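In: Got a sequence here, can you model it:
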Amino acid sequence: MMNPPLPHEAPIGIFDSGVGGLSILRHIRAQLPHEHLVYVADTGFAPYGDKPEHVVAERSLAVARFLAARGIKAFVVACNTATISAVTLLRERFPDMPIVGVEPGLKPAAAATRSGKVGVLATERTLAGDKFLRLRDQITDATHAQFLLQPCRGLVDCIEAGDTDGTTALLRRYVTPLLEEGADTLVLGCTHYPLVKSSIEHVIAEAGHEGVALVDTGEAVARQLVRLLATGSLLRTPDAVAPAHLEAFTSASATALSAAFNTLIGIDPPVQEADFGANAQAA
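Out: A predicted model of the protein is given here:
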């Protein structure tokens, strides 16, 4: 009978509704190159942003159980909508596991703005969440920054489909009004959006605006993960015998996720299709 792996040798689980979490995975691999990683793309159930909060929460819990069964030592909710809907529930159900969520970077954006106006690009579910609205109100009270909230219906779908023309058209529709209202800082409030950062910059330049800052919290998420692993003595040592490995699972097409890995972050891990065990659908 084989002994279970030592705690620090266990993998880190990273979860998103689709390929958006690859923007977080990129930062985690850069800061933790020696760690084993398991990535889950729940593309078959996406998008999360137009589903009721309780549905997203239950689905996120199902994915967490799937990853827990694979022996993960930490869990990264690399999805803004899932963080807003489910991170409190996940921490209740897995109290001994380090769990890192993703929140829109309102605080760094408020510090960066010169005009006092910050545009927030996110899904409808993220912008309607109580957790997000409380955060917005706290930072507004502390800094007097004005947050211009822009729900981006359909943008995640276009990014997932690799529809460059559709993505650019939607970005023009959503970004241009924020610039016209005086926003000089834009929060990329969905992990999908950093993957099309160059397109956002193109739309900004096209609109004749300069010096607009884009806020992406992926690096901060990776830093927080490093801190939690270090605190729990869970970091894998650089001199470990076995090289770090990455595997991925999807509730949709393995071929499509493999292509996304290759196109978006230039790697080619093994990808398998999987059933995460929850079939709840939006009402």
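In: Every contact and neighbour count from this point should use C-alpha atoms.
Out: Will do.
In: what about this protein, any weak spots by pLDDT?
Out: Where the chain drops to pLDDT under 70, the residues are 1-6, 240-241, 278-283.
In: any idea where the helices of it begin and end?
Out: 22-31, 53-69, 80-93, 106-112, 124-128, 130-143, 155-161, 164-180, 197-206, 218-231, 254-260 (DSSP state H).
In: got a list of contacts for the last one?
Out: Counting by Cα atoms under 8 Å, 6 or more residues apart in numbering, helix 254-260 makes contact with 19, 41, 250, 268-273, all of which sit outside it.
In: any idea how far residue 68 lies from residue 60?
Out: Using Cα to Cα, to the nearest Å, residue 68 is found at 12 Å from residue 60.
In: So the two - more neighbours on which side?
Out: Between residue 68 and residue 60, counting by other Cα atoms under 10 Å, residue 60 is the more crowded of the two (27 against 17).
In: What residues does the more buried one make contact with?
Out: Residues near residue 60 by Cα under 8 Å, 6+ apart: 82, 86.
In: Number the chain from 42, please
Out: New numbering, starting at 42: the last item is residue 101.
In: what number of residues lie near residue 121?
Out: 30.
In: Let me see the contact set for it.
Out: 142-145, 167, 230-232.
In: Kindly reformat these as a markdown table containing distance to residue 121 and neighbour count.
Out: Listed next are the contacts of residue 121 as a markdown table, based on distance: Cα to Cα, whole Å; neighbours: other Cα atoms under 10 Å:
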| residue | distance to residue 121 | neighbour count |
| --- | --- | --- |
| 142 | 8 | 21 |
| 143 | 5 | 24 |
| 144 | 6 | 26 |
| 145 | 7 | 26 |
| 167 | 6 | 28 |
| 230 | 7 | 29 |
| 231 | 5 | 29 |
| 232 | 7 | 28 |
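In: between the residues you listed, which is closest to residue 255?
Out: Nearest to residue 255, judged by Cα to Cα, of these is residue 230 at 10.3 Å.
In: Make sure that closest one is actually in contact with residue 162.
Out: Yes. In this structure, residue 230 is within contact of residue 162 by Cα atoms under 8 Å, at 5.3 Å.
In: who touches both of these two?
Out: With Cα under 8 Å, 6+ apart, residue 230 and residue 162 have no common neighbours.
In: If you count neighbours, what's buried in stretch 135-153?
Out: Neighbour counts using 16 or more other Cα atoms under 10 Å place 135, 138-148, 150-151, 153 of stretch 135-153 among the buried residues.
In: Kindly report the same for stretch 180-199.
Out: 180-181, 186-194, 196-199.
In: quick check: domain ranges of the protein?
Out: 48-143+259-314, 147-256 (automatic domain parsing).
In: where does the shortest one sit relative to the chain's centre, distance-wise?
Out: The offset between the C-alpha centroid of domain 147-256 and the centroid of the whole chain comes to 15 Å, using Cα atoms, centre = their mean, to the nearest Å.
In: Check stretch 79-97 too.
Out: A distance of 12 Å separates the centroid of the chain from that of stretch 79-97, by Cα atoms, centre = their mean.
In: what does it rub up against?
Out: Residues contacting stretch 79-97 (Cα under 8 Å, 6+ apart): 52-60, 62, 104, 108, 122-123, 126-127, 164-167, 197-198, 287-293, 298, 321-324.
In: follow-up on the earlier one: going by distance to residue 274, which of the buried residues of stretch 135-153 wins?
Out: Once Cα to Cα is applied, the member of these that ends up nearest residue 274 is residue 139, at 11.5 Å.
In: Could you report the neighbour count for the closest residue to the closest one other than its chain neighbours?
Out: Computed as Cα to Cα, 6 or more residues apart in numbering, the closest residue to residue 139 that is not its neighbour in sequence is residue 115, at 4.9 Å. With neighbours defined by other Cα under 10 Å, the count for residue 115 comes to 23.
In: No further questions, thank you.
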